[in-house]
Every structure is written in C-alpha cells, then in structure tokens.
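**Student:** give me coordinates for this.
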Amino acid sequence: MSEADDLVWKALADPVRRALLDALRSGPRTTGALSAPFPQTRFGVMKHLDVLRAAGLVTVERRGRERWNHLNGVAFERALSRWLTSFQSLWSNRLAHLSNYLDEEPAMSESARDWIEIRQEVELPWAPENVFRALTRDVDRWWTSPFRQTQGTSRLELFPEIGAAMIERGAGAHDVVWARVEEIQPPAKLYLSGRFGMIGVVSGRIHYDLFASDKGTRLVLTHQAIGRITEETERNFSQGWSELLDRRLRAHLDGGIDV
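**Tutor:** Just a heads-up that it's a prediction; the model follows:
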C-alpha cells in the first residue's frame with residue numbers, strides 16, 4: 001500500500017471524518033456550516049478537515065474570509081481501485097457484505113437540482129507547460145470514447161485562444177461544440193463556458209487551474225453548471241472527470257500515446 005493510500009484509509013477510519021464527507025456529498029460547505037451539527041468545537045472539526053485535506057479527500061477554496069470545503073473523490077477512487085485490483089478475488093465476499101450495508105443507508109433523492117459544482121484536484125509529475133498542452137492541443141489523444149457525443153469516429157479540437165471552441169467533429173457532418181474559451185493564461189489558467197455535454201444544463205463553466213508544485217503540477221478542476229440536473233448526472237460527471245484527468249490524461253502524459 002502506498003503512503004497516499006494509507007492516508008486515505010486512516011482518514012476514513014474516524015466516524016467524524018466520515019460524517020464530514022457525507023455532509024459534503026450535497027455540495028461544497030464552509031467550515032462554519034460543517035462545524036454546526038457537531039458537538040465538537042470548531043477547532044476540533046478543523047483538525048479533522050486538515051486530516052481529510054492531507055489525504056486528498058477534501059480540497060479547500062478561500063473566498064474572502066470564508067473557507068469552502070469541497071469533496072474530492074479522486075483520492076478515494078484511486079485507493080479503492082488499487083485495493084480491488086490486487087485483492088479482487090480475496091475480497092469479493094466481503095465487498096458484497098459492504099454493498100449490502102451501504103444499500104441500507106438512506107438513498108439519495110434523484111430529484112433534479114438547479115445547479116451543481118464539482119471540484120477535483122490531481123497531482124501530476126509533469127511541468128505545467130506539458131499539462132497545459134495536453135489539456136488543449138493534445139485533447140483528442142486522451143479524451144476518447146466513451147467520453148464523446150457523436151456516433152462513430154470523431155475528432156476533438158481545442159485551441160488555446162479566446163473564443164476558440166472545444167469542438168467535436170463527427171462523421172456525417174455531425175459536429176458538436178462542447179464549450180468556448182473565455183479566459184486563458186498559459187500555462188496556469190484555462191476557463192471555458194458551455195454545456196459540456198451535460199443533459200438539462202442551460203449554462204456551465206469549466207475551470208482548469210494549474211499550479212507548479214514540488215511534485216510537478218497540481219491541477220484543480222472546477223465544473224459549475226446551471227439547469228435541471230439529476231443527482232445521477234452529477235455522480236456520472238464526477239466519476240467521469242476522475243477517469244479523464246487521473247487516468248487518461250496521466251496515461252497520455254506518461255507515454256505520449258492515445259488512451
């Protein structure tokens with residue numbers, strides 16, 4: 001087990017920290033709002049949040065004097081995937097029991113919401129310039145099926161300039177505009193606006209923020225959307241972003257090959 005995975009499992013071992021993650025499933029919350037339902041002091045809750053942040057399960061965004069906490073499923077999905085890959089046969093029965101337990105938890109309502117915000121962070125061992133190019137000029141090489149909208153063979157284009165479209169050119173002259181560039185600062189910032197293939201959305205924004213780190217690049221994704229969006233759609237997009245950024249983009253940068 002890697003050190004990063006070990007931090008995830010240790011963070012999940014505490015019931016208060018699990019309750020905090022449950023509270024963030026419905027969307028980002030301020031530290032004050034998260035602290036209110038707990039009998040512990042605000043300082044005690046902040047210590048738990050620091051553990052979750054160190055494990056990569058929570059990301060923090062500063063908005064003025066407020067500290068907004070976002071659920072980041074990438075770290076948990078990575079740790080779970082590695083565990084299941086190595087021990088799938090051994091743990092199949094135990095995971096079935098876990099599934100039965102989770103089925104007993106109150107089901108989330110599938111009613112539509114008026115807006116969502118998905119926020120994820122990924123650490124990539126490459127320079128921001130390399131990651132930025134992969135997000136723009138190389139997007140067709142790793143943003144592959146099933147993450148396309150047209151049927152059959154298509155090509156995805158995204159040029160790093162204001163007003164340029166992220167456009168999918170499909171067979172039979174079936175083209176789709178995913179979004180358009182509205183703000184750019186290579187290699188640190190790429191902001192787009194558009195529906196991004198999300199059903200029920202009337203407006204959306206996708207932000208890529210890239211920060212140089214001692215490990216290479218910290219890529220922060222923020223996906224905001226307005227419209228009648230079901231919780232199933234939100235879950236699918238959250239899992240899709242994890243797959244695209246933490247596996248497919250990483251694999252492309254690692255080998256420079258199509259995924």
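**Student:** mind listing what residue 16 touches?
**Tutor:** Counting by CB atoms under 8 Å, 6 or more residues apart in numbering, residue 16 touches 38, 40, 45, 48. Using the backbone N, CA and C atoms, a C-beta is placed for each residue, glycine as well.
**Student:** how about the nearest residue to residue 131 once chain neighbours are set aside, secondary structure?
**Tutor:** Spatial nearest neighbour of residue 131, chain neighbours left out: residue 217 (4.7 Å); criterion: CB to CB, 6 or more residues apart in numbering. Under DSSP: H, G, I helix; E, B strand; the rest coil, the three-state class of residue 217 is strand.
**Student:** what is the neighbour count of residue 217?
**Tutor:** Neighbourhood size, residue 217 [other CB atoms under 10 Å]: 22.
**Student:** distance of it from residue 187?
**Tutor:** Counting by CB to CB, to the nearest Å, the separation of residue 217 from residue 187 is 9 Å.
**Student:** please enumerate the shared neighbours of these two.
**Tutor:** Common neighbours of residue 217 and residue 187 (CB under 8 Å, 6+ apart) are 127-128, 131, 210.
**Student:** center of this protein - which residue?
**Tutor:** The residue lying closest to the centre of the chain (CA atoms, centre = their mean) is residue 120, at 3.6 Å.
**Student:** so where's this protein shaky on pLDDT?
**Tutor:** For the chain, the stretches with pLDDT under 70 are 1-2, 79-112, 256-259.
**Student:** now do the helices in this protein.
**Tutor:** Assigned by DSSP state H, the helices in the chain fall at 3-12, 15-24, 31-35, 42-54, 73-103, 128-135, 139-142, 231-242, 249-255.
**Student:** distance between the second one and the chain's centre?
**Tutor:** Here helix 15-24 is found 18 Å from its chain centre; the criterion is CA atoms, centre = their mean, to the nearest Å.
**Student:** could you export it as CSV, CA atoms only?
**Tutor:** The C-alpha coordinates for helix 15-24 follow below in CSV (Å, rounded to 0.1, in the frame of the first residue of the first chain):
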residue,chain,number,x,y,z
PRO,A,15,-16.6,8.4,12.2
VAL,A,16,-16.5,12.2,12.5
ARG,A,17,-14.4,12.4,9.3
ARG,A,18,-16.8,10.1,7.5
ALA,A,19,-19.7,12.2,8.6
LEU,A,20,-17.9,15.3,7.3
LEU,A,21,-17.5,13.6,3.9
ASP,A,22,-21.2,12.6,3.9
ALA,A,23,-22.1,16.3,4.6
LEU,A,24,-20.0,17.4,1.5
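**Student:** for that helix, buried residues please.
**Tutor:** 17, 20-21, 23-24 (16 or more other CB atoms under 10 Å).
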